[in-house]
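> Sequence first, then the predicted structure:
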Amino acid sequence: MNLSESLGAAWKSERELFFYNLRGLASRLSYAQFGEMVERLRDALQRRGGGPGTVVAVMGSTGPSLAAVAAAVWRAGATLTVLPKPTRLAGLEQFLAETLGKLQRSEAHVLVGEEDLVSIFRELAGIPVLSFEQVEEEDGLELETTGPGCALIQFSSGTTRDPRPIMLSEEALLSNSRAVLEQFPGGACRHSCVSWLPLYHDMGLLGCFLMPLLAPGDLTLMGPEVFALRPLTWLEAISQRRATTSSAPNFALAHCLRRISEEEVRSLDLSCWQIAMVGAEPVRPATLREFARKFAPAGFSERAFSPVYGLAEATLAVTFSPLGQGLKTHSFDLQEMALHGKVRPGDQVTPSLGKPLRGVEVEIRGPAGRALGPGELGDVWVRSPSLMSGVLGEETEQVQGGWLQTGDAGFLLEGELCLYGRRRDILLLDGRNHDPALLEESVESLEEVRRCCAFTQESAEHRDRLVLLCEVEKNYRGSRERLEEKILNVCRRRTTLRPDRVEYLQPGELPLTSSGKLRRGTAAREFAELVRP
């Protein structure tokens, strides 16, 4: 079956969809009821001429309307792109500029969303703008069909460059979905999912919306703002709905550790949670172990953790840790890795991100393109039936001979992938390569520091100096000098590096992608502007 047929078959399932807000369960729909919503919207799109070649951009809060429109676009055979809503009112001007840029780069023919969000674009977008309610109105609007004809335009995360419109075919979506779903013990239809991940992010849209529909299994959704303001709601939903699977980036686990009390832990029953996929940003073993320790009284098992690796250019998933194995780590000597790019026994710990999915190949290559052996650091290349068709409106050499250059650096051990960092972000100091994430993790181990960003900057003496930007917890009352001493000590002890400059920020001031990843390049540029004489 194709994508449209597969979704249509899901409406026959007896499973259910649940939508949560800050007050808890907000609405409950059977798959049949949800399917009726989707089919009405599909018919409305098709009456307007929407179908293959029509690019539909959608925007809104996670709820039945947004989910149904997204599914209806696929049912109509059109191209979907999901755009973020603003996260802070203070950033409205930036939000407008970024959204208009994405509408243009995706070559969208129509924008659909919540009235209070999309209304501000009616005079700016240059394309028809419809509220969710207006999609079914008879107004004579005819949609164009001049788009690229792919199933999804998925914007890359934008950690090292501006987000790019990645084109993904229907075959890519189905291939990746099937490869992931076959990992689930007992069959994917036996499982149920809870997710707060935004639908504009690949892990949220594909891993926690499309794949559960294709299974199909019970599905519970809530918006990222619900998780951010009250992370307990996420875990309550898992407990109440007896969900077996839920995914999260590392920062989300850390957020739960900070915001959920021991008393609240005792109110939960997480013994149902069998598969906790962790990805989308560096996986930090210490965070996973602390999460497992804190939530063990609620029945959570560390064996549920499944660190994974993927990227938008490969649809979603590339490697997967065996389910039920839990966190697995490898150790290496940091100096040997920095000097020679080889794994030797040592004190530095890195998580395994598992082995390639069925039909996926991963290769580590050196600067000349030569394949490297186990334990050698190089560029991560991927070959998969789920690779992107290309970048809309751009020429790219990222795919060569069927292989995708991911932009990540890493190595293979026992056939499992370990990452060392984004190639563009790696710190080059005195001729040695250092992963900034290892340095940032060391600093963030201090209770006074919320988040850290590390990068290098050329000094007046034409040498690279190491800069740290640290978000300090609001309740810190000590001196800056004392905190800097603690930061320098933990850096020296754990990484042997000594920062040349440490700057302090308020929580939330570091630039992040829409999915919560650090934008180190943006931070470095903004810092350079700030200190420019």
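Thanks, I have it.

> Ends of stretch 68-81, what's the gap?
One end of stretch 68-81 to the other measures 14 Å (C-alpha to C-alpha, to the nearest Å).

> what is the mean pLDDT for it?
On average, the pLDDT along stretch 68-81 is 97.

> Checking the nearest residue to residue 418 once chain neighbours are set aside next. Helix, strand or coil?
Sequence neighbours aside, residue 350 is the residue nearest to residue 418 in space, at 4.9 Å (criterion: C-beta to C-beta, 6 or more residues apart in numbering). Yep, even glycine has a C-beta here, placed from its N, CA and C like the rest. Secondary structure, DSSP: H, G, I helix; E, B strand; the rest coil: residue 350 is strand.

> For the stretch 251-400 of the chain, just list every one of the strands.
Per DSSP state E, counting those that start in this stretch, the stretch 251-400 of the chain carries strands over the ranges 275-278, 305-310, 317-320, 329-332, 348-351, 355-356, 361-365, 378-383, 390-391, 399-400.

> Can you show me the CA trace of the helix or strand that residue 37 is a member of as CSV?
Element membership of residue 37 [criterion: DSSP states H and E] is helix 31-47. C-alpha atoms of helix 31-47 as CSV (Å, rounded to 0.1, in the frame of the first residue of the first chain):
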residue,chain,number,x,y,z
TYR,A,31,-9.4,6.2,15.0
ALA,A,32,-12.7,6.1,13.2
GLN,A,33,-13.7,9.5,14.5
PHE,A,34,-10.3,10.9,13.7
GLY,A,35,-10.5,9.3,10.3
GLU,A,36,-13.8,11.1,9.6
MET,A,37,-12.1,14.4,10.3
VAL,A,38,-9.2,13.6,8.0
GLU,A,39,-11.4,12.4,5.2
ARG,A,40,-13.5,15.6,5.3
LEU,A,41,-10.4,17.7,5.1
ARG,A,42,-8.9,15.6,2.3
ASP,A,43,-12.1,16.0,0.3
ALA,A,44,-12.0,19.8,0.9
LEU,A,45,-8.4,20.0,-0.3
GLN,A,46,-9.2,17.9,-3.4
ARG,A,47,-12.2,20.1,-4.2
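
> going forward, begin numbering at 23 instead of 1
Happy to do that; since the first residue is 23 now, the last one works out to helix 53-69.

> gap between that helix and the chain center?
28 Å (C-alpha atoms, centre = their mean, to the nearest Å).

> Just put the strands of the stretch 273-422 of the chain in a markdown table and tack on mean pLDDT, distance to residue 148 and mean neighbour count.
Formatted as a markdown table, the strands of the stretch 273-422 of the chain follow (pLDDT from 0 to 100; distance: least, C-beta to C-beta, whole Å; neighbours: other C-beta atoms under 10 Å):
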| stretch | mean pLDDT | distance to residue 148 | mean neighbour count |
| --- | --- | --- | --- |
| strand 297-300 | 94 | 39 | 24 |
| strand 327-332 | 95 | 34 | 26 |
| strand 339-342 | 95 | 36 | 26 |
| strand 351-354 | 90 | 51 | 16 |
| strand 370-373 | 87 | 46 | 20 |
| strand 377-378 | 96 | 42 | 20 |
| strand 383-387 | 96 | 42 | 18 |
| strand 400-405 | 95 | 36 | 22 |
| strand 412-413 | 94 | 22 | 18 |
| strand 421-422 | 88 | 31 | 14 |
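
> CSV for those strands, including distance to residue 99?
Formatted as CSV, these follow (distance: least, C-beta to C-beta, whole Å):
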stretch, distance to residue 99
strand 297-300, 30
strand 327-332, 26
strand 339-342, 24
strand 351-354, 45
strand 370-373, 40
strand 377-378, 31
strand 383-387, 31
strand 400-405, 28
strand 412-413, 20
strand 421-422, 25
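
> so which of the ones you listed gets nearest residue 150?
Across those, residue 150 has its closest neighbour in strand 412-413 (25.3 Å, C-beta to C-beta).
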